Each structure stands twice: as C-alpha cells, then as structure tokens.
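In: attaching a predicted model along with its sequence, questions to come.
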Amino acid sequence: IFKFLGAISVDLGKDKIKPYLPTILAPLYRELNSTYAEQDPTVKNLSQEIIELLKKLVGLEVFSLAFSSVQKQANQKRAMRKKQRALQTVANPDIAARRKIKRHKNKAETRKRKIEFLRPMYKAKRPRSHALKDLAMVE
C-alpha cells in the first residue's frame, strides 16, 4: 500500500497531489508513531522514505502544514478515545471492573513468562485452564 501511495503521488505530480496529501500522510504517520512490539522495521523504513519523497515533491512548507494537520487529527482521536474510556468507567462500572481484572490477569501471566525466561529452572505456577470459567471473569 505504501509503495502504491508513493507511486500515485509521483504520478500525480506537485500540483495535483496537494488536496490528497493529508489522506496519503495519515497511514504513513500512523506507522511511524506506532509502538507495537511486533512492528516490522522494513515497513517503518518504507514509510519514512515515502515521507521524504513527498517532502521533496511538494515542498517543505506545504508538507509541514499537511503533516501537522494529520498529527492534530491523530491527537484529537487519541484524546477522544481516552475520554470515552473514562466516561465508560463511570457509566458502566461492571464492564470497567471486568476490563481491570483481565488486565491484571494478563499482567501476572506476563510477569510469570518473564521470570521463566530469565530463570529457566524456576517454573512459575500457572492456573489450570478452564475455558468456560475464564470467559466469565466477574461472577
């Protein structure tokens, strides 16, 4: 997809690409700022290359205006999601409690995995897997 975006932007040229610049920059910005553990470095490098290509193509001023608008939109979305999550905690405390229990359970499992990785001879106790019981977190 990123190669396609780069090819389209070069094909359209400087004047025709300007209205589509924020649309093209949105996925590139998302890929650059993602913090996933399993992130592919080649995709990140490709998005950086395409951003440099766009910067040369349209000029620094136009590019920075479009990039800042994309950044602003992403920050607004992030703030909106955070606000919705906080409101949901107040509105639906049972759902929030389930989410919190699940998060703590995952954290404990991660800690056990890390201990086993660092000290292979130590085996952390793991709970038995009861599929139906695990699904019903809060009874």
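Out: Okay, I see it. Residues are numbered from 1 along each chain as shown.

In: list phi and psi for the residue most central in space within the chain.
Out: Central residue of the chain (CA atoms, centre = their mean): residue 34, 4.5 Å from the mean position. Main-chain dihedrals, residue 34, degrees, to the nearest 10: phi -70, psi 150.

In: for it, give its distance to residue 86.
Out: As for residue 34, its distance to residue 86 is 23 Å (criterion: CB to CB, to the nearest Å). (C-beta placed from N, C-alpha, C; glycine too.)

In: before we move on, what about residue 119?
Out: From residue 119 to residue 86 the distance is 39 Å (CB to CB).

In: again with residue 79
Out: Taken as CB to CB, the span from residue 79 to residue 86 is 11 Å.

In: ok, and for the longest helix belonging to the chain, which residues are buried?
Out: Longest helix in the chain by number of residues, with DSSP state H as the criterion: helix 60-91. Within helix 60-91, the residues scored as buried using 16 or more other CB atoms under 10 Å are 62, 63, 66, 67, 70.

In: the fourth one contacts residue 26, correct?
Out: No. Distance between residue 67 and residue 26: 10.1 Å, which falls outside the contact criterion (CB atoms under 8 Å).

In: per-residue pLDDT, residue 135?
Out: Looking at residue 135, its pLDDT is 59.

In: great, nothing more from me.
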